[in-house]
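**Student:** I need the structure of the sequence given here:
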Amino acid sequence: MRIISHFAAVALSLAVAAPVAVQAMETPEDRLSYTIGMDIGQSLAEQGMDLNIDLLVEALAAAYAGEETRMTQEEALAERDAFMQRRQQALEAERGQAAQRNLAEGQAFLAENRANPGVEETASGLQYRVIEEGEGRSPEATDRVTVHYRGTLLDGVEFDSSYARGEPATFGLNQVIPGWTEGVQLMQEGATYEFFIPADLAYGEQGRPGPIGPNSTLIFQVELIEVHDD
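**Tutor:** A predicted model of the protein is given here:
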């Protein structure tokens, strides 16, 4: 339910709601009013802002009625821009902290993991474990392959899985992260490997939208089904 825009929600966020008498919702206009109120409340709650509800309701009522407000439009726009700047700075600081934390956790994990039985490590730092060897072709970096795979974070959170989608994936090995490009070339058709991919061979400091944060070390189980001629 998102009737107002993000910026409308931010503009309304100069305040927060005084208790009012319970009113009946008898008309479509009543229900629409309540729906918009829910939408505003949910949007502001999701943004985690510390607000004064009394002032929010005061400003909302005055602006809706066309009455004089305590702030001019120019002052309100300046306040909104200042808030957005503070918000961006806070997000960047959080991201930087997450990047440092993820990098340290990944390095510690890989240092311990390389000592586990069956784990091999390449010159690039890619680690892998053979679950099942294959007997078919091995791909080159420019080949297209069909695979089944499952990707997880170090804490076990699954962020992607062709198994969950119910069908394998086909793509060029030069179109994926470096850890995949290198690792899948070690396999033969029919093989299943587990890859432990350091951040610099995965998505690096950028991470990906969703659960893959900056500098995340990733774990993939990959089954190489076919190497394509085309």
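**Student:** Going by C-alpha atoms from here, please, whenever you check contacts or count neighbours.
**Tutor:** Fine.
**Student:** Please tell me how far stretch 77-97 is from the chain's geometric centre.
**Tutor:** Distance of stretch 77-97 from its chain centroid, counting by C-alpha atoms, centre = their mean, to the nearest Å, is 19 Å.
**Student:** oh sorry, the question was meant for stretch 217-230
**Tutor:** Taking C-alpha atoms, centre = their mean, one finds stretch 217-230 lying 23 Å from the centre of the chain it belongs to.
**Student:** Identify the residue spatially nearest to Ala141, adjacent ones excluded.
**Tutor:** Leu173 (5.4 Å; C-alpha to C-alpha, 6 or more residues apart in numbering).
**Student:** which residues touch the one you found?
**Tutor:** The contact partners of Leu173, taken as C-alpha atoms under 8 Å, 6 or more residues apart in numbering, are 140-145, 180-181, 184.
**Student:** From Ala78, how far off is Trp180?
**Tutor:** Distance, Trp180 to Ala78, using C-alpha to C-alpha, to the nearest Å: 47 Å.
**Student:** These two: who's more crowded?
**Tutor:** Trp180 (21 against 12; other C-alpha atoms under 10 Å).
**Student:** still on that earlier bit, give me the ChimeraX select line for the contacts of Leu173, limited to the buried ones.
**Tutor:** What follows is the ChimeraX syntax for the buried subset of the contacts of Leu173, where burial is set by 16 or more other C-alpha atoms under 10 Å:
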select :140,141,143,144,145,180,181,184
